[in-house]
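Engineer: Structure for the following, please:
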Amino acid sequence: MVYYFKARPELGDYTIYMGLDKFENEDLIKYGWPEDIWFHVDKLSSAHVYLRLHKGQTIESITPELLEDCTQLVKANSIQGNKLNNLDVVYTPWFNLRKTQGMDVGQVGFHNPKLVKTTRVEKRINEIVNRLNKTKVERTPDLKAEREVYNAAERAEKKAHTREKKRHEEMERLEKERQAEVRSYKGLMVPKKMTSNKDIAAKGKTLAELEEDFM
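Structural biologist: Numbering: from 1, shown residues only. So this is what the prediction gives:
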């Protein structure tokens with residue numbers, strides 16, 4: 001079971017989601033998307049909350065309002081954290097999550113600690129939590145299949161980009177050849193390089209003699 005929420009509408013169409021339990025979190029860790037940002041209460045047990053950014057966006061694209069929605073949802077879904085004020089929430093891109101064999105179910109580490117950000121949450125804001133809960137939808141998705149569809153779309157887009165790039169390069173090559181041909185033709189028609197009958201006569205040979213030389 002995965003729970004899906006919608007951030008405040010004025011921020012755009014952003015989905016926030018989290019797993020039912022630590023076992024569900026394992027699949028979320030395994031089949032996340034590159035646009036996903038992971039959230040968790042620092043040093044305390046809490047739900048693994050993910051924000052799915054729009055394609056091309058990064059962690060730096062998260063506005064303070066969007067960050068507040070995510071952190072309030074994390075805090076509200078932490079048994080200990082929900083009761084505390086002034087706690088920290090850590091967040092990082094999904095691809096920075098590291099899972100090793102020795103870790104417990106649902107436990108994660110980080111490939112690069114420098115990519116982990118921390119923000120302070122002073123208190124629970126019921127208005128935000130209640131608004132998010134009103135948008136909650138429960139689903140049992142096939143996370144592996146969804147990721148495979150995502151990967152297929154990525155491959156198709158890359159192929160299309162490669163084809164377009166090759167087409168553009170071929171057009172540039174043909175245009176360069178055309179321009180070179182034009183310059184070459186203009187060079188042949190330069191008056192200084194052209195020879196008249198008068199010029200030939202001035203060299204002391206008749207046209208008939210020149211024809212004999214040519215033959």
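
Engineer: Secondary structure class of the closest residue to residue 43 other than its chain neighbours, three-state.
Structural biologist: Closest residue in space to residue 43, ignoring its immediate chain neighbours: residue 88 at 7.6 Å, by Cβ to Cβ, 6 or more residues apart in numbering. From N, CA and C alone the C-beta is placed, and that goes for glycine too. With DSSP: H, G, I helix; E, B strand; the rest coil as the basis, residue 88 sits in strand.

Engineer: Can you pull the phi/psi pair for residue 92?
Structural biologist: Residue 92 has phi and psi values of phi -160, psi 160 when expressed as degrees, to the nearest 10.

Engineer: Contact partners for it?
Structural biologist: Taking Cβ atoms under 8 Å, 6 or more residues apart in numbering, we find residue 92 in contact with 37-38, 59, 110, 115-117.

Engineer: could you redo these as CSV and give each row secondary structure?
Structural biologist: Below are the contacts of residue 92 laid out as CSV (three-state DSSP):
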residue, secondary structure
37, strand
38, strand
59, helix
110, strand
115, helix
116, coil
117, strand
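
Engineer: on contacts alone, who are the packing partners of the helix or strand where residue 138 lies?
Structural biologist: With elements delineated by DSSP states H and E, residue 138 resides in strand 137-139, which encompasses its position. Using 3 or more Cβ pairs under 8 Å, 6 or more residues apart in numbering; DSSP states H and E as the contact criterion, the neighbours of strand 137-139 among helices and strands are strand 2-6.

Engineer: and the angle for the longest helix seen in the chain with strand 2-6?
Structural biologist: Ordering each helix of the chain by length in residues (DSSP state H) puts helix 143-188 first. Relative orientation of helix 143-188 versus strand 2-6 (axes from the mean of the first three to the mean of the last three Cα atoms, to 10 degrees): 50 degrees.
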